[in-house]
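Participant: quick one, structure for this:
(one chain, ligands or ions: 2)
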Amino acid sequence: VDAALLELQSRLPAEVIDVDPHSLQSYGQDWTRFSKVNASVVLKPQTIEQIQTIIALAKRHQCRIVPSGGRTGLAGGAVATQGEWILSMDRFCRMGTLNTAALSLECEAGVTLEKLQEHLSSTPWQWPVDLASKGSAQIGGLLSTNAGGLKVIRYGHVRRWVQSITMVDGESRVQVLNGPIDKNNSGYNFRELVIGAEGTLGVLVAAHLKLCRKPQRRVHALRPAQSVKHCLESLIAARSFPLELEAFEFFSQDCVNAVLKHRPDLKSLPPAPWYCLWSWDASVGMPWDLSPDEFKAGSWLESAILVEDSSAHEIWAYRESITEALSTRGLVYKNDVAVPVDKLEDFLKELQSFCARAYQGFEVYFFGHLGDGNVHINIVNPNRDSPEAFRAHCESTNPSLYACVANYGGSCAAEHGIGLLKKKELLLTRGPSQVEWMKQVKKVFDPHGLFNPGKIFEADCQIPTAQEDSNT
Ligand code: MLT
Ligand code: ZN
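Facilitator: Ligands and ions are numbered 1, 2, ... in the order given. Below is the predicted model:
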């Protein structure tokens, strides 16, 4: 047993320390399934003081920490590959009482999105972030990745719904970023830096989340489209409709075929190369006195399937089952890019012909959040052999793929983050000077390079020697 583990054992209660090989494997991995896991220990603290002790010991023993939530990420941001300590926030799962004056809720980092939604279910309020992975995804991870999801078009990313964050930094200091107030123009706003930093700046412990009113009812529509141009025409029409647009998604026929194979309980759809799927907030009342079918007759909605909330799951199932359906087909290499919405038609044309050339022998699926300009390009290797060679092939095509994204003024990570998987692409799309700024920012929060090494970029922070560290 090494000295670091012995000291952890002497300073922390036994139930905080888990070295079971199954725990190391499952806590060391996220949903990407690409990395070879190498974790030393899983730590499950219950108090902030225990987190402070863990950070101080990591510094003393020159060990590194992977802050860990529900591990539903798709870029390797929560993976342990270098013998790190995994600091799980599973036991930080308390919620405060609803503050209806401030319209906020204090919530610890390990609360899952589903638990939060259940907590608010009997109130008129919501935290308007929604993801298919809500059963596992935790608040700390959602903030650390600035998660997106289906409703960004209406509500924006997670960032917009966070008032205050409590975190522990690389010197074991507890920092409150912003505090539970809405108006705070007192100098630099560090809360915004920590959101989306993928656990590289410290350990998020709790947050005050902002809430808003839930829609009372919605209308949902699924419309086949002959081209991306037609999808964009539907987007413009849906935006101009006298109801607030909540989500606007699209997916290819190949996605529907994969979903139908995986979910034989679903009905087939009218054949078309593309489908758009959206919902409107209809709290103000439906814009019709008629039934949906009578209403859409003769209008631009004629070819759409239009349903109210009670049947919404029937049409959303095609979209929400895509990720799972693809994962059953083979190993999936994910790309998550965004370009300006008005450039999508040209971009997708170029992308489709590039993919047809670059991924012969593999399956290529296009889907995503059309209204946000966010396209998921999933490459599937149906022969599950040699994941390393498959990853290497996809990575060898990335310079051309992401040069195309950059030419359209796009982002290499619209909502999944950079993690371990998109570091080169970050350099290409953000440029070396901005990546250098990121490294400098990390040094301020994490001067000893303890947190989530190798994620977003290769950090060059120095781990202190035991002598320099005599004061901890
Ligand atoms: C989704 O929107 O379904 C996920 O973010 C995309 C993915 O699984 O690649
Ligand atoms: Zn997505």
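Participant: low-confidence ranges in this structure?
Facilitator: 1, 287-290, 460-472 (pLDDT under 70).
Participant: contact residues of it facing ligand 1?
Facilitator: Residues of the chain lying near ligand 1 by CB under 6 Å from any ligand atom: 74, 132, 322-323, 334, 376, 378. Where you see a C-beta, it was placed from the backbone N, CA and C, and this is true even at glycine.
Participant: can you flag which of the residues you listed belong to helices?
Facilitator: Using DSSP state H, the subset of those located in helices is 322-323.
Participant: okay, the residues of the chain next to ligand 1 in CSV with neighbour count next?
Facilitator: CSV is the format used below for the residues of the chain next to ligand 1 (neighbours: other CB atoms under 10 Å):
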residue, neighbour count
74, 23
132, 16
322, 25
323, 19
334, 19
376, 22
378, 24
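Participant: using a markdown table, lay out the residues of the chain next to ligand 1 together with distance to residue 178.
Facilitator: Converted to a markdown table, the residues of the chain next to ligand 1 look like this (distance: CB to CB, whole Å):
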| residue | distance to residue 178 |
| --- | --- |
| 74 | 28 |
| 132 | 29 |
| 322 | 36 |
| 323 | 33 |
| 334 | 32 |
| 376 | 32 |
| 378 | 36 |
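Participant: out of the residues of the chain next to ligand 1, which is nearest to residue 204?
Facilitator: Nearest to residue 204 out of those is residue 74 (CB to CB; 19.4 Å).
Participant: which residue packs closest to the closest one, ignoring adjacent ones?
Facilitator: Spatially, and ignoring its direct neighbours in sequence, residue 74 is nearest to residue 416 (4.5 Å; CB to CB, 6 or more residues apart in numbering).
Participant: would you work out how far apart the start and end of stretch 11-30 are?
Facilitator: End-to-end distance for stretch 11-30: 29 Å, by CA to CA, to the nearest Å.
Participant: same check, this time on stretch 102-119
Facilitator: Taking CA to CA, stretch 102-119 runs 17 Å from one end to the other.
Participant: residue 458 is in contact with residue 426, isn't it?
Facilitator: No. Using CB atoms under 8 Å, residue 458 is not in contact with residue 426; the gap is 11.2 Å.
Participant: between the two, which one's more packed in?
Facilitator: residue 426 (20 against 10; other CB atoms under 10 Å).
Participant: give the contact list for the residue lying closest to the more buried one once chain neighbours are set aside.
Facilitator: In space, and not counting its chain neighbours, residue 426 is closest to residue 418: 5.0 Å by CB to CB, 6+ apart. Neighbour list for residue 418: 75, 77, 198, 412, 425-426, 455-457 [criterion: CB atoms under 8 Å, 6 or more residues apart in numbering].
Participant: doesn't residue 398 lie inside a strand?
Facilitator: No. Looking at residue 398 with DSSP: H, G, I helix; E, B strand; the rest coil, it is helix, so not inside a strand.
Participant: how many neighbouring residues does it have?
Facilitator: For residue 398, the neighbour count with other CB under 10 Å is 19.
Participant: that one touches residue 424, doesn't it?
Facilitator: Yes. Residue 398 is in contact with residue 424 according to CB under 8 Å; the separation is 6.8 Å.
Participant: residue 61: which of the contacts of residue 418 is nearest?
Facilitator: Set against residue 61, the nearest of the contacts of residue 418 by CB to CB is residue 455 (20.6 Å).
Participant: checking residue 383 next. Helix, strand or coil?
Facilitator: From three-state DSSP, the assignment for residue 383 is coil.
Participant: who does the residue of the stretch 351-472 of the chain at minimum distance from ligand 1 form a beta bridge with?
Facilitator: Residue of the stretch 351-472 of the chain nearest ligand 1, by CB to the nearest ligand atom: residue 376 (4.1 Å). Counting by DSSP bridges, residue 376 forms beta bridges with residue 336, residue 367.
Participant: so how far is ligand 1 from residue 21?
Facilitator: 29 Å (CB to the nearest ligand atom, to the nearest Å).
Participant: now residue 209, what's its secondary structure?
Facilitator: Using three-state DSSP, the secondary structure recorded for residue 209 is strand.
Participant: ok, now how distant is it from ligand 1?
Facilitator: According to CB to the nearest ligand atom, residue 209 and ligand 1 sit 21 Å apart.
Participant: correct me if wrong: that residue contacts residue 139.
Facilitator: Yes. The criterion here is CB under 8 Å, and residue 209 meets it with residue 139 at 7.4 Å.
Participant: pull up the overlap in contacts between these two.
Facilitator: 107, 116.
Participant: surely residue 111 touches residue 137?
Facilitator: No. Using CB under 8 Å, residue 111 makes no contact with residue 137, being 10.1 Å away.
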